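Asks: structure for this input, please:
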Amino acid sequence: MSKGQLSMNLATTRGAWGFADAVDGCLRHGITAISPWRDQVAAIGLDEAARIVKANNLRVTGLCRGGMFPGVDAADRQKRIDDNLRAVDEAAALGADCLVLVVGGLPGSSKDIVEARKMVADGIAAIVPHARAAGIPIAIEPLHPMYAADRACVNTIDQALDICETLGETVGVAIDVYHVWWDPNLAAAIARAGRMKRIFAHHICDWLVPTRDMLNDRGMMGDGVIDLKAIRAMIEAAGYHGPQEVEIFSTENWWKRPGDEVVRTCVERFEAVC
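Replies: Next up is the predicted model:
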């Protein structure tokens with residue numbers, strides 16, 4: 001499998017490298033596609049990050065992240081929308097394929113997940129005109145239900161696609177295997193996304209058993225229980241043939257290792273098990 005089909009989400013090397021070192025490390029291992037996080041871009045400066053991307057002819061498969069739309073009141077929600085508008089501009093400056101959204105959970109002490117989901121849909125609708133004008137697709141990333149309360153109240157591809165249907169072709173989905181592998185309706189949902197032409201990104205890692213931390217114990221591909229090749233086949237059958245983006249949060253394992261070891265292992269596993 002070609003390394004050209006592998007993108008490195010820079011969260012994966014967060015423990016070892018900042019933006020510039022991560023780019024250098026990816027290039028050493030033949031990887032020419034990246035997906036940075038906004039804090040990593042901010043640390044080096046947007047102009048410098050964009051210069052590095054252009055100088056090295058990198059593909060930016062996504063910018064992480066926008067979202068977090070639900071707020072405790074109208075002013076809070078507007079503040080979040082304004083931040084997403086800035087994120088669109090940052091994605092445009094980097095020439096990103098999309099802006100990835102982690103949409104947000106229940107605001108404050110709320111227990112009303114239906115209302116939170118409405119705030120998400122309204123928030124995305126508010127940024128779509130600016131995203132369309134900037135030429136930046138918006139990718140909703142449904143997260144595993146364990147994050148429904150605090151990080152993302154959109155938890156299945158179908159839920160995300162329901163929002164997409166109301167907002168036009170600018171809005172699609174980022175399919176992260178960590179979050180959707182368990183879904184009994186996964187094959188049908190991916191096929192639906194393909195028919196709608198709304199698959200904007202494909203993220204990979206693995207689900208460890210046991211999982212020691214809800215957020216920061218993702219596995220390297222091949223170390224867990226996700227059938228990566230089967231999901232890839234579904235996504236490609238649905239018409240998406242873009243890069244697979246490795247995104248691993250791992251405070252107690254991979255973030256403690258040298259960056260070159262992490263990237264080298266990602267390449268090896270990508271070629272062997274993805």
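Asks: so where is the stretch 151-274 of the chain shaky, pLDDT-wise?
Replies: For the stretch 151-274 of the chain, applying pLDDT under 70 flags no range at all.
Asks: helices of that one, residue ranges please.
Replies: 157-167, 177-180, 186-195, 228-237, 259-273 (DSSP state H, counting those that start in this stretch).
Asks: so the residue nearest the centre of the chain, which state does it fall into?
Replies: The centre of the chain sits closest to Val100, judged by Cα atoms, centre = their mean, with a distance of 5.0 Å. Secondary structure assignment for Val100 (DSSP: H, G, I helix; E, B strand; the rest coil): strand.
Asks: thought it was touching Asp176?
Replies: No - judged on Cβ atoms under 8 Å, Val100 makes no contact with Asp176 at a distance of 9.1 Å. The way it works is simple: take the backbone N, C-alpha and C, and place the C-beta from them, glycine included.
Asks: which residues are in contact with both of those two?
Replies: Jointly contacting Val100 and Asp176 under the rule Cβ atoms under 8 Å, 6 or more residues apart in numbering are Glu141.
Asks: which non-adjacent residue is nearest Val273?
Replies: Gly222 (4.0 Å; Cβ to Cβ, 6 or more residues apart in numbering).
Asks: next, count neighbours for that neighbour.
Replies: 15 (other Cβ atoms under 10 Å).
Asks: contacting residues for it?
Replies: Here Gly222 is in contact with 206, 228, 269, 272-273 (criterion: Cβ under 8 Å, 6+ apart).
Asks: separation between the closest residue to Leu186 other than its chain neighbours and Val120?
Replies: Sequence neighbours aside, Val180 is the residue nearest to Leu186 in space, at 5.9 Å (criterion: Cβ to Cβ, 6+ apart). According to Cβ to Cβ, to the nearest Å, Val180 and Val120 sit 17 Å apart.
Asks: cool, Asp83 as well?
Replies: 14 Å.
Asks: identify the farthest-apart pair in the contacts of Gly222.
Replies: Spanning the widest gap among those are Asp206 and Ala272, at 12.5 Å by Cβ to Cβ.
Asks: between the two, which has more neighbouring residues?
Replies: Asp206 (22 against 10).
Asks: the more buried one pairs with what?
Replies: Gly219 (DSSP bridges).
Asks: from what I can see it touches Ile231, true?
Replies: No - if you go by Cβ under 8 Å, Asp206 and Ile231 don't touch, sitting 11.3 Å apart.
Asks: overlap in contacts of the two?
Replies: Residues touching both Asp206 and Ile231 (Cβ under 8 Å, 6+ apart): Val177.
Asks: for the residue nearest to the centre of the chain, list each beta-bridge partner.
Replies: Under the criterion used here (DSSP bridges), Val100 is bridged to Cys64, Ala139.
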